[in-house]
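In: no FASTA, just this:
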C-alpha cells in the first residue's frame, strides 16, 4: 500500500496515488480506512454504543419502531419472526419489565390501539430478521437471528420494520 495518512473526502480520494511515499517492506502491512467519508444522508445514523437499542416514532418513549446500533450505524429489525418474547428483551434492555410486539398493522392492547409506527428511512439499514430471543436473553444483539435482514426477500426494505410497546408490569397489574 502506498498511502500514508491519507485524507479522504470521497471514496475515490482514498485510492492511493503516486504522490504517496514508496511502499513499505512486506512485513509492515497497511490499510486505508476512510471514516471521514459516509454518504451525507447516512451520517445521521452514526452511533457509538454497539448493541444499544431504541424505540423511535412512537406516541410515547415506551413504544415505536425498533432500532439497533450495529457496526456504529443505527438500523431497524425486520418483523419476520418477531414476537412478544423478542419485544420483551428489547424493553428490558431499555429498563422496562415487559414488552409486546407491534407489527406493521398495529396492535390492540387493553382496548387501545398501539401503532402502527412509521417505517424506517429508506436509506437506513435493516440489520436483523428472524430474531428468536428466549426469556433468558438480556440484549437483542445476543438473540439468534439471520444476520443481515436484506438477505431475506421479505425484509429488503422497511415495509416490515418491527415495533414494540413497553411498560413496567407488576404482579397486581397483570
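Out: Structure's in. What do you need? These numbers come from a predicted model, not from an experiment.

In: Can you list the low-confidence ranges for this structure?
Out: The model of the chain has pLDDT under 70 over residues 1-43, 148-152, 171-174.

In: swap the cut-off to 50 and go again
Out: By pLDDT under 50, the low-scoring segments of the chain are 1-7, 11, 13-14, 17-18, 31-37, 174.

In: strands paired with the longest strand along it, and their directions?
Out: Looking across the chain with DSSP state E, the single longest strand is strand 63-70. Here strand 63-70 is paired, per DSSP bridges, with strand 53-57 (antiparallel), strand 73-77 (antiparallel), strand 163-167 (antiparallel).

In: Which stretch among those strands is buried most, on average?
Out: strand 163-167 (a mean of 26; mean count of other Cβ atoms under 10 Å). For the C-beta atoms, the positions are set from N, CA and C on the backbone; glycine is no exception.

In: For that strand, give me every contacting residue.
Out: 55, 58, 62-66, 79, 87, 90-91, 94, 96-104, 107, 109, 114-117 (Cβ atoms under 8 Å, 6 or more residues apart in numbering).

In: Buried ones only from those, please, as a ChimeraX command.
Out: Entered in ChimeraX, the line below selects the buried ones among the contacts of strand 163-167, by 16 or more other Cβ atoms under 10 Å:
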select :55,58,62,63,64,65,66,79,87,90,91,94,96,98,99,100,101,102,103,104,107,114,115,116,117
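
In: Please flag which of the contacts of strand 163-167 sit within helices.
Out: 87, 90, 91 (DSSP state H).

In: ok, and the closest non-adjacent residue to residue 49?
Out: residue 69 (5.6 Å; Cβ to Cβ, 6 or more residues apart in numbering).

In: wait, residue 119
Out: Counting by Cβ to Cβ, 6+ apart, the residue nearest residue 119 is residue 158, at 3.9 Å.

In: Would you mind naming the residues that bridge with the closest residue to residue 83 other than its chain neighbours?
Out: In space, residue 83 comes closest to residue 101 once its chain neighbours are excluded; the distance is 5.3 Å by Cβ to Cβ, 6+ apart. With DSSP bridges as the criterion, the beta-bridge partners of residue 101 are residue 164.

In: so how far is residue 45 from residue 101?
Out: Residue 101 is 24 Å from residue 45, where distance means Cβ to Cβ, to the nearest Å.

In: In this protein, what residue spans correspond to strands?
Out: 53-57, 63-70, 73-77, 98-102, 107-109, 112-114, 125-128, 163-167.
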